[in-house]
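Asks: Give me a 3D structure for the following:
(one chain, ligands or ions: 1)
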Amino acid sequence: MGLKKPNVGCILCGHQCRADRQGGHVGRCGAGDRLGFSSALVHRGEEPPLSGRDPARGGSGAIFFTRCNLACVFCQNWQISQSNDRGLDISVEEIVEMMLRLAEAGAFNINLISPTPYVVELTKALAQARAQGLNVPVVYNSGGYDSPAALALMDGLVDVYLPDAKIGQDPAMDGGEPDSRSMRLFGAGDYAQVNQAALLEMRRQVGTLKLDERGLAARGLIVRHLVLPDDLARTSTLLPWLAENLGQDLHLSLMAQYHPAHQIKLGVNDEFRDLPGLGRPLSIREYEAAVEQAWALGLTNSYVQGLGSARQMRPDFDKPGVFN
Ligand code: SF4
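Replies: Below you'll find the model as predicted:
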């Protein structure tokens, strides 16, 4: 009698839930054995090295996946990220076709949004797409809660990493115990530890951001951070960590577009009454303080936003163009 091979299950994100996805089970994120897809479109509102500066040309070839591995209570994309009845389950061949069509339409890159649960399928899709002539950079645009296993699979296939750094480590904690704020806001009490390890690995793989002669991202790392009201994302402790560990040449996208969405309504509900800042947009003063801190730390490769971007770039996945 032969020994049965142990099934380790899915360990692609920090949850390490070990769901047997190929055996017909779904993981904590809701992902099973097919690619969960929502939309593919040319996105003209990403950072300038991704979408370009001319709103009439190029853009980023965005492919939105469903079933995010995080559960942000104010997620702007909640219609597809946290709802199991949205989107389609598609094949590797179909995603290859989408990548090729976006590149043919003039997209400057292929921007894989919330790809973490699907990296196994994406290794196959990217190899096939490259063999069929895909010749634009591939952007891995994740929530930053990627496991070492996921990033090892992507090593050599990704040109530009575009992860979030959602929250800084609680300075009062030694990193051993779960962070209750991170658990409540993002559904992951160990987010900061997993995220810091992921950022370091991404940086190791692709290095600092390199632009081509058009000013477009060719290879490297861009870290996104959404500044929250009342410093709820601990921006003030996160930025020094980024500068110290990823270097002052880091390309940092400081986002100002927070607005109460999904589980957070204007004025906050009872569950979040102890975090009243969640119930309002970010103030100009709060955003300027974050930008000033980044500059003081030498993070001068930072992309900044106007506060009006909150309204302009609010997605609606019920509309064909999502951002139109
Ligand atoms: S990606 Fe999904 S299935 Fe895999 S470990 Fe994370 S939550 Fe579990």
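
Asks: ok, D33 - how many residues close by?
Replies: Neighbour count of D33, defined by other C-beta atoms under 10 Å: 14. To be clear about C-beta, it is placed using only N, CA and C from the backbone, and glycine gets the same treatment.

Asks: N77 now?
Replies: 21.

Asks: Please verify my assumption that it contacts A62.
Replies: No - counting by C-beta atoms under 8 Å, N77 does not reach A62; the two are 11.1 Å apart.

Asks: quick one: average confidence on stretch 176-188?
Replies: The average pLDDT for stretch 176-188 rounds to 92.

Asks: Let me see the contact set for the closest residue to I167 other than its chain neighbours.
Replies: Once flanking residues are discounted, I167 sits nearest to A233: 4.8 Å by C-beta to C-beta, 6 or more residues apart in numbering. Each residue near A233 by C-beta atoms under 8 Å, 6 or more residues apart in numbering is listed here: K166, I167, G168, H225, L226, V227.

Asks: Setting aside sequence neighbours, what's the nearest residue to whichever residue of the stretch 201-324 of the chain sits closest to the ligand?
Replies: Proximity of the stretch 201-324 of the chain to the ligand (C-beta to the nearest ligand atom) peaks at E201, 16.5 Å away. Leaving aside its sequence neighbours, E201 sits nearest to L151 (C-beta to C-beta, 6+ apart; 4.9 Å).

Asks: quick one: contacts for that neighbour?
Replies: A198, E201, M202, Q205.

Asks: what separates the one helix or strand the second one maps to from the chain centre, distance-wise?
Replies: Assignment of secondary structure by DSSP states H and E places E201 within helix 191-206. On the basis of C-alpha atoms, centre = their mean, to the nearest Å, helix 191-206 is displaced by 13 Å from the centre of the chain it belongs to.

Asks: which element follows it toward the C-terminus?
Replies: strand 210-211.

Asks: What strands line up against that following strand, and which way round?
Replies: strand 217-226 (antiparallel) (DSSP bridges).

Asks: Now tabulate the contacts of L151 in TSV and tack on neighbour count, distance to S51 and pLDDT.
Replies: Formatted as TSV, these follow (neighbours: other C-beta atoms under 10 Å; distance: C-beta to C-beta, whole Å; pLDDT from 0 to 100):
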residue	neighbour count	distance to S51	pLDDT
A198	26	24	98
E201	19	26	98
M202	27	21	98
Q205	20	23	98
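
Asks: Pick out the residue of the stretch 1-150 of the chain closest to the ligand.
Replies: Proximity of the stretch 1-150 of the chain to the ligand (C-beta to the nearest ligand atom) peaks at G27, 2.0 Å away.

Asks: any idea how far L70 is from P178?
Replies: 15 Å (C-beta to C-beta, to the nearest Å).

Asks: Same drill for the two, tell me which one is more crowded.
Replies: A side-by-side neighbour count of P178 and L70, using other C-beta under 10 Å, places L70 first with 24 against 13.

Asks: Could you pull out the helices in the stretch 51-200 of the chain for me?
Replies: Using DSSP state H, counting those that start in this stretch, the helices of the stretch 51-200 of the chain run over residues 78-81, 92-104, 119-131, 148-154, 180-186, 191-206.

Asks: With distance to G215 added, can I get those in a markdown table?
Replies: Shown next, in a markdown table, are the helices of the stretch 51-200 of the chain (distance: least, C-beta to C-beta, whole Å):
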| stretch | distance to G215 |
| --- | --- |
| helix 78-81 | 30 |
| helix 92-104 | 19 |
| helix 119-131 | 24 |
| helix 148-154 | 25 |
| helix 180-186 | 33 |
| helix 191-206 | 18 |
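
Asks: hey, which of those helices is tucked in deepest?
Replies: Among these, ranked by average contacts under mean count of other C-beta atoms under 10 Å, first place goes to helix 78-81 (a mean of 22).

Asks: what's the pLDDT at R130?
Replies: For R130, the model assigns a pLDDT of 98.

Asks: before we move on, what about P320?
Replies: pLDDT for P320: 55.

Asks: ok, now L216?
Replies: 96.

Asks: pretty sure it contacts D54?
Replies: No - the pair L216 / D54 is not scored as a contact, 11.1 Å apart, by C-beta under 8 Å.

Asks: out of those two, which sits in the more crowded spot?
Replies: Using other C-beta under 10 Å, the more surrounded residue of L216 and D54 is L216, with 20 against 11.

Asks: which ones are touching that one?
Replies: L216 neighbours (C-beta under 8 Å, 6+ apart): P49, L50, G52, G58, F108, N109.

Asks: And the residues you listed, which is closest to L209?
Replies: Nearest to L209 out of those is P49 (C-beta to C-beta; 6.9 Å).

Asks: Isn't that closest one up against D212?
Replies: No - using C-beta under 8 Å, P49 makes no contact with D212, being 9.1 Å away.
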